[in-house]
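*Asks:* What shape does this take:
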Amino acid sequence: MKEPFRVPIHPPGGPRSSPALAREEDEATKFFDRPCYEFNRSLSPGWNDKYCMHCRHYLTARCPHIDEFLEDVDDLTPE
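*Replies:* Have a look, this model is predicted:
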């Protein structure tokens, strides 16, 4: 008789439920695949991965999320 497939069970506090891992995943997808994304055609097509940093409006006045990007900057004064 064939052994049934079993889903591995991760104990509470294991790697899948780690708050640090959840934050890392949130940060990785925070600026990804937004409906306003338009690929920056000055980049090679291989860069078209839907990340905001490759959007044609990234860090411009036309970006509807510019305030979110600027929140991640510690010091806005020029050097």
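*Asks:* which other residues reach stretch 58-66?
*Replies:* Residues from elsewhere that reach stretch 58-66 (Cβ atoms under 8 Å, 6 or more residues apart in numbering): 31, 34, 36, 40, 52, 55, 57, 69. The way it works is simple: take the backbone N, C-alpha and C, and place the C-beta from them, glycine included.
*Asks:* Compute the first-to-last residue distance for it.
*Replies:* Chord length of stretch 58-66, first to last residue, is 8 Å (Cα to Cα, to the nearest Å).
*Asks:* which parts of that stretch are buried?
*Replies:* Buried residues in stretch 58-66, counting neighbours by 16 or more other Cβ atoms under 10 Å, are found at 58, 63, 65.
*Asks:* Excluding chain neighbours, what is closest to N48?
*Replies:* F39 (4.6 Å; Cβ to Cβ, 6 or more residues apart in numbering).
*Asks:* Apologies, that question was intended for C55.
*Replies:* Sequence neighbours aside, Y37 is the residue nearest to C55 in space, at 5.1 Å (criterion: Cβ to Cβ, 6+ apart).
*Asks:* wait, what's in contact with that neighbour?
*Replies:* For Y37, the contact set (Cβ under 8 Å, 6+ apart) comprises 50, 52, 55.
*Asks:* Narrow these to just the buried residues.
*Replies:* Buried members of those, scored by 16+ other Cβ under 10 Å, are 52, 55.
*Asks:* returning to what we had before: how much space separates the residue nearest to C55 from P64?
*Replies:* Distance, Y37 to P64, by Cβ to Cβ, to the nearest Å: 11 Å.
*Asks:* same question, F32
*Replies:* For F32 relative to P64 (Cβ to Cβ), the value is 15 Å.
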